[in-house]
Structures are given as structure tokens and as C-alpha cells.
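K.L.:
My questions concern the predicted model and sequence given below.
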Amino acid sequence: MSKKTMDKKPKIKLKIVKEDLGYTALGQWKERSLVTCGDSWDELQNMIIEMLNLTFEDLGFTYTIDEIQFEYDLESFFDFYKVINAKALSERIGMNQSLLAQYIKGIKKPSAPQTKRILQGVQQIGRELSEVRFLL
């Protein structure tokens, strides 16, 4: 496939999974498997960019980290975003703190409704933070 047959850069979605020693990023685009790993979030981001730019070099596309959509398992998400206080989130969404902690540590796997509940709580916090204004 040449650049002439594909002018639009593919949108990339990668799943991020916490492993025993670091993180793995997994995805698929047509017949191309997108897989890389890193010991830390910073290293993983660098590896993702390198992997994507090599994978799509024949099409003439280059990527930045901001162009990639990520999906996280709970453990990875809370490891990357340590600024989110699990105790406060559990109170906000009405979930037992111990149960949420077990989900975050990967001890228990949440059901689809529980995952949705956690995601909605995190997204609500994100919306609220995006609307914050400071007095100047």
C-alpha cells in the first residue's frame, strides 16, 4: 500500500496493560499488529512513538503521543494517574474503598457495571477540572 492509496493518517487506539515488570501497549490496524512494552510510562510512550513511526514509515506517516487514544486497565490507569485519590473517588462514586483498592491493585476484577461506575466518576472529575478557573 503506497502513500498515494492512503492519504489519511490512521487513528490509533492502544490498550495499556500493567505487567509484572512494566507495561505493554497493544493494538491492531488492518493487518498490522501494534505491540510494544516499557518499564515505565515515560519509556512506554517513547517505545510507542518509535513503534508507530516504524510501522507506518512505508505510508509516510509519523505520530506524536497526543495523536494516540489509550485504553487502560484499572491498575495501569491509577498507576499512571497517581494524583487521583482512590479514597476520595470511592466516596464520590459510593463504592467501598477496600473494594476499589482491590480493583486498582488487580486483586479483583470489576464487573462491567462497576468498571463503568469507576470510569464515570473519573470522567466527571476530569470535566470538573477542565472547567476550573483561578483568580488572576
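P.N.:
That came in fine, so what should we check first?
K.L.:
top helix in this protein by residue count?
P.N.:
Longest helix in the chain, counting residues (DSSP state H): helix 112-130.
K.L.:
roughly how far out does it sit from the chain middle?
P.N.:
Distance of helix 112-130 from the chain centroid (C-alpha atoms, centre = their mean, to the nearest Å) equals 14 Å.
K.L.:
One more: stretch 82-89?
P.N.:
So, by C-alpha atoms, centre = their mean, the centroid of stretch 82-89 is 17 Å from its chain's centroid.
K.L.:
And the contacts of it?
P.N.:
Under the contact criterion C-beta atoms under 8 Å, 6 or more residues apart in numbering, stretch 82-89 has outside partners 78, 95, 97, 100, 101, 104, 118, 121, 122, 125. Backbone N, C-alpha and C define where each C-beta goes, glycine included.
K.L.:
And the residues you listed, which two are furthest apart?
P.N.:
Among the contacts of stretch 82-89, the pair separated by the greatest distance (C-beta to C-beta) is 101 and 125, at 17.6 Å.
K.L.:
related to what we said a few turns ago, for the longest helix of the chain, packing partners?
P.N.:
Packing contacts for helix 112-130, counted by 3 or more C-beta pairs under 8 Å, 6 or more residues apart in numbering; DSSP states H and E, involve helix 74-80, helix 86-93, helix 97-105.
K.L.:
Walk me through the domains of this structure.
P.N.:
10-72, 74-130 (automatic domain parsing).
K.L.:
And stretch 7-27, what's buried?
P.N.:
By neighbour count with 16 or more other C-beta atoms under 10 Å, stretch 7-27 contains the buried residues 10, 12, 14, 16, 17, 18, 23, 24, 25, 27.
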